[in-house]
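[1] build the 3D model from these lines:
(chains A and B)
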There are 2 protein chains.
Amino acid sequence: MRQSHLFTKTRREAPADEVAKNAQFLIRGGFVHKEMAGVYSFLPLGLRVLEKVCGIIRKEMKTLGAEEIFFSSLQNRVLWQTTDRWDDERVDNWFKTKMKSGTEVGLGFTHEEPITAMLKTHLHSFRDLPLSLFQIQTKFRNETRAKSGIMRCREFLMKDLYSFSRTLPEHEAFYEKVKGAYRNIFDAVGIGGETFLTFAAGGTFSKYSHEFQTVTEAGEDTIHLCEKCRVAVNEEILHEQKTCPVCGTATLTPKRAVEVGNIFSLGTRFAEALRLTYRDEGGKEAFPIMGSYGLGLARLIGAVVEIHSDSAGIIWPRNVSPFEVHLISVDGGKEEVRGVAEELYRSLSERGVSVLFDDRDARAGEKFADADLIGIPYRAVVSERSLKEGGIELKERGREHIVLVPKSDIPTFTFA
Amino acid sequence: MRQSHLFTKTRREAPADEVAKNAQFLIRGGFVHKEMAGVYSFLPLGLRVLEKVCGIIRKEMKTLGAEEIFFSSLQNRVLWQTTDRWDDERVDNWFKTKMKSGTEVGLGFTHEEPITAMLKTHLHSFRDLPLSLFQIQTKFRNETRAKSGIMRCREFLMKDLYSFSRTLPEHEAFYEKVKGAYRNIFDAVGIGGETFLTFAAGGTFSKYSHEFQTVTEAGEDTIHLCEKCRVAVNEEILHEQKTCPVCGTATLTPKRAVEVGNIFSLGTRFAEALRLTYRDEGGKEAFPIMGSYGLGLARLIGAVVEIHSDSAGIIWPRNVSPFEVHLISVDGGKEEVRGVAEELYRSLSERGVSVLFDDRDARAGEKFADADLIGIPYRAVVSERSLKEGGIELKERGREHIVLVPKSDIPTFTFA
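    Alright, predicted model coming up:
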């Protein structure tokens, strides 16, 4: 894409009330726009990152055998009253509104209730199980404070996955598979090394639930990490779990971290409350065993930016970068230089390389600063100097080393 | 996809309160799930249709040169007060809710205000114009009644496009291009022949706005159609426009119709209210001229179902069908028959044909009834009888004629 056609402009400053690095860079780079505290809109560059992340997630969900759905945000009060999660005393982050008739409706912060209720018309027999459903859909949470940029939002896209199993071993096997899928996702987006399986408060049906926490100073949680086993204990359960749940050591290191995913065993709580049953192998009515698995997309992107950035801007991991190559024409109006840049843009695009082409009539310094801020992994510069030296200058974002690629190598050059 | 793996089941009956044909078939076929009146969730088959429609729309938006964005649902009251569209007296279908602080926020029913406000940080010079932005995003409208199935929803996906131009001729040229893009979309989804450009109430900046109305008994509007010019007048302006706006004839035929799209010239109303300006060629501050262009996705799908269906179910146009071929194995447990069906499923999938494979252990009659309800354009049946006759039976949904495709032709057979 030609940068002159991109309507978003980089900005020298983020809004004054924006303290989080992730949101500062994403706003300054033209990825997102801040609507209100905790509410962000996605601009074209941000949407490209979001689509990359969605692609990675969908691939893993497909491997798990989960089917994709897309549920409504408006929530029927009756369902949530049945499971005792409607009252603000029970769930303190509801956004609620009213229909013209005066009936209250909620804005979904999660979807266990409607998905369980929907299955009452689709789940009949043990042959229909196990089954798993996921969606990538907007959630609303009425947070008291929202100060971590796009890592704690009042409205955000979430991947939520729900599983229904016949037996506890079947449920547990799927639960373990999801852990693996989450690992793959964190590795693919570039935060695998900083993200740790963390034991957290469990709820009714299991001693602990599991979170995935990414270590970053911008995080709002504190985890206690066993460096050897690479698992952690959330501070909230440290009073009951003072040692590493794997090796038993008491040597745990406190770290600031952000929760990028969580997985829950829910047992038959929702199926029982909403009367979702199936006929088992013996013809008897039984409740399926449920699990739910969340992943916040903006939070994931925020964590990537916190980890992959320097003082000049973002350094996107290749898998989630909005483009593969940032091609910069430093032509100062010189036709020969511009011609080579145009030709390179054409040939790279034809070869299927996604290129942001800075064809703007702007100073070199401004173009370089923008490239650093936007953070595309490869920067290719065509200038009078580079052509004199016989080619183009190639530099990886976040490294100083510049390679001269000879003109003759350009048609077949691969970025690796 | 194997039908045995699809978690949704067809249903003999839709919910008792569902009177609209579109929703009845879409619910019974397992495309959507009704959460409340006017609120539907998409199940896997429905999501496939939705994605086809999104693909068609995105292609046309790209051709227009529009960039894709994704804006928030939560709306900042201050923006809408500035344009005088916050008060319930002015806009009667707001859903509003409150943050913990007590501040009211709205749920977007359209996005002129936030997009105009966002551009204040990205639009600077005449060189940045013209520009157009679109999104496919959830809208909320607090409808008093919702009785037309998925054609009048309280929550629904909309494609909304916004254009910003320097001059009136530039705006008008884009406006005409959008009309063409909409025509292409309606043709592609299969309602082009029944959809008419309709003159409707204009508002402040133009005498009329334009709607696209699809003629169907299920529609809630009445339009007055000039059969010759194939344009219509919305009943709401019939008192001032009694004749065809193109040829002037007074012979207009009243028809029931549903509004599937609308396009508006907005002039500088929003730019002026929100102080969005740019520097024109002479260095002076100027307001861009705005247009907005809506298209309701569920409404479009509802209109397709109303038009393309019979008493047995849906007859999807090929472009929007969830699958290309419904392959049905009528094997009654016979291994030879099942083997041919499996082989055909494998070879079609390998050739990139999208197939729903009814591999269920069910009676032939049940499979045929489900195929008619689900409405995939081609039905291929492998049975003992068809194999005796030397091949498979191929039938188009909505036609009676059955063709026997010889076994030897199967590897290269194309559906056309």
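[2] drop to CA atoms for contacts and neighbour counts, all remaining ones
    Noted.
[3] give me the low-pLDDT residue ranges for chain A?
    A:203-205, A:415-416 (pLDDT under 70).
[4] where exactly do the helices run in chain A?
    For chain A, applying DSSP state H gives helices covering A:21-28, A:44-64, A:77-82, A:112-119, A:168-189, A:269-274, A:297-307, A:335-350, A:364-374, A:384-388.
[5] can I get the shortest one in PDB? Just the C-alpha atoms.
    It stands for helix A:384-388. Presented in PDB, the C-alpha positions along helix A:384-388 are these (Å, rounded to 0.1, in the frame of the first residue of the first chain):
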ATOM      1  CA  GLU A 384      20.700   8.500  -4.500                       C
ATOM      2  CA  ARG A 385      23.400   7.300  -2.200                       C
ATOM      3  CA  SER A 386      22.200   3.700  -2.200                       C
ATOM      4  CA  LEU A 387      22.000   3.700  -6.000                       C
ATOM      5  CA  LYS A 388      25.500   5.100  -6.200                       C
END
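[6] and the helices of chain A: which comes nearest chain B?
    With CA to the nearest CA as the measure, helix A:44-64 is the member of the helices of chain A nearest chain B (5.3 Å).
[7] buried ones in that closest one?
    Using 16 or more other CA atoms under 10 Å in any protein chain shown as the burial criterion, the residues of helix A:44-64 that qualify are A:44-50, A:52-54, A:56-58, A:60-61, A:64.
[8] how close does residue A:209 get to residue A:114?
    Remark: distance between residue A:209 and residue A:114 (CA to CA, to the nearest Å) = 22 Å.
[9] nope, residue A:247 is what I meant
    From residue A:247 across to residue A:114, the span is 40 Å (CA to CA).
[10] neighbour count: the two, which is higher?
    Applying other CA atoms under 10 Å in any protein chain shown to residue A:247 and residue A:114 shows that residue A:114 carries more neighbours, namely 20 against 11.
[11] check contacts around the more buried one.
    Residue A:114 is in contact with A:75, A:79, B:35, counting by CA atoms under 8 Å, 6 or more residues apart in numbering or on different chains.
[12] could you dump those residues into TSV with distance to residue B:151 and neighbour count added?
    Listed next are these as TSV, based on distance: CA to CA, whole Å; neighbours: other CA atoms under 10 Å in any protein chain shown:
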residue	distance to residue B:151	neighbour count
A:75	19	23
A:79	25	18
B:35	15	18
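[13] who is the residue nearest to residue A:396 when sequence neighbours are not counted paired with across the strands?
    Closest residue to residue A:396 apart from its sequence neighbours, by CA to CA, 6 or more residues apart in numbering or on different chains: residue A:378 at 4.7 Å. Per DSSP bridges, the residues bridged to residue A:378 are residue A:325, residue A:396.
[14] residue A:378 contacts residue A:326, doesn't it?
    Yes - between residue A:378 and residue A:326 a contact is recorded at 6.1 Å, counting by CA atoms under 8 Å.
[15] between the two, who's got more neighbours?
    Between residue A:378 and residue A:326, counted using other CA under 10 Å, residue A:326 has the larger neighbour count: 29 against 23.
[16] quick check: the more buried one touching residue A:358?
    Yes - using CA under 8 Å, residue A:326 and residue A:358 qualify as a contacting pair, with a distance of 7.2 Å.
[17] scan chain A for its longest strand.
    What stands out as the longest strand in chain A, according to DSSP state E, is strand A:253-267.
[18] buried ones in that one, by neighbour count?
    Across strand A:253-267, burial judged by 16+ other CA under 10 Å covers A:255-267.
[19] ok, now stretch A:197-209?
    Neighbour-count burial for stretch A:197-209 flags A:197-202, A:208-209 (criterion: 16+ other CA under 10 Å).
[20] if we can go back for a sec, which one of the helices of chain A lies closest to residue B:369?
    helix A:112-119 (22.0 Å; CA to CA).
[21] the strands in the stretch 1-150 of chain A, which residues?
    A:32-36, A:39-42, A:67-68, A:74-76, A:95-98, A:104-107, A:131-140 (DSSP state E, counting those that start in this stretch).
[22] return the most buried member of those.
    By mean neighbour count, with neighbours taken as mean count of other CA atoms under 10 Å in any protein chain shown, strand A:39-42 ranks first of those at a mean of 24.
[23] which elements pack onto that strand?
    Counting contacts by 3 or more CA pairs under 8 Å, 6 or more residues apart in numbering or on different chains; DSSP states H and E, strand A:39-42 is packed against strand A:32-36, strand A:155-165.
[24] let's have those strands in a markdown table, adding distance to chain B.
    Shown next, in a markdown table, are these (distance: least, CA to the nearest CA, whole Å):
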| stretch | distance to chain B |
| --- | --- |
| strand A:32-36 | 7 |
| strand A:155-165 | 7 |
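[25] could I get those strands in JSON lines, plus columns for distance to residue B:193?
    Putting these into JSON lines (distance: least, CA to CA, whole Å) gives the following:
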{"stretch": "strand A:32-36", "distance to residue B:193": "40"}
{"stretch": "strand A:155-165", "distance to residue B:193": "38"}
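[26] mind giving me the domain ranges of chain A?
    Chain A breaks down by automatic domain parsing into domains covering A:21-310, A:323-412.
[27] which residues touch residue A:117?
    By CA under 8 Å, 6+ apart, the contact set of residue A:117 is A:79, A:274, A:276.
[28] now swap in residue A:301 and tell me
    A:49-50.
[29] same thing with residue A:105?
    Listed by CA under 8 Å, 6+ apart, the contact set of residue A:105 reads A:74-77, A:96-99.
[30] which strand residues bridge it?
    Bridge pairing for residue A:105 (DSSP bridges) gives the partners residue A:76, residue A:97.
[31] and it, how far from residue A:75?
    Counting by CA to CA, the gap from residue A:105 to residue A:75 is 5 Å.
[32] returning to that earlier point: nearest to residue A:172, of the contacts of residue A:117?
    The closest of these, once distances to residue A:172 are taken by CA to CA, is residue A:276, at 20.0 Å.
[33] that older thread, got the domains of chain A as a markdown table, with distance to residue B:192 columns?
    Converted to a markdown table, those look like this (distance: least, CA to CA, whole Å):
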| stretch | distance to residue B:192 |
| --- | --- |
| domain A:21-310 | 27 |
| domain A:323-412 | 34 |
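[34] minimum distance to residue B:387: which of the ones you listed has it?
    Residue B:387 sits nearest to domain A:21-310 of all the domains of chain A, at 29.5 Å, using CA to CA.
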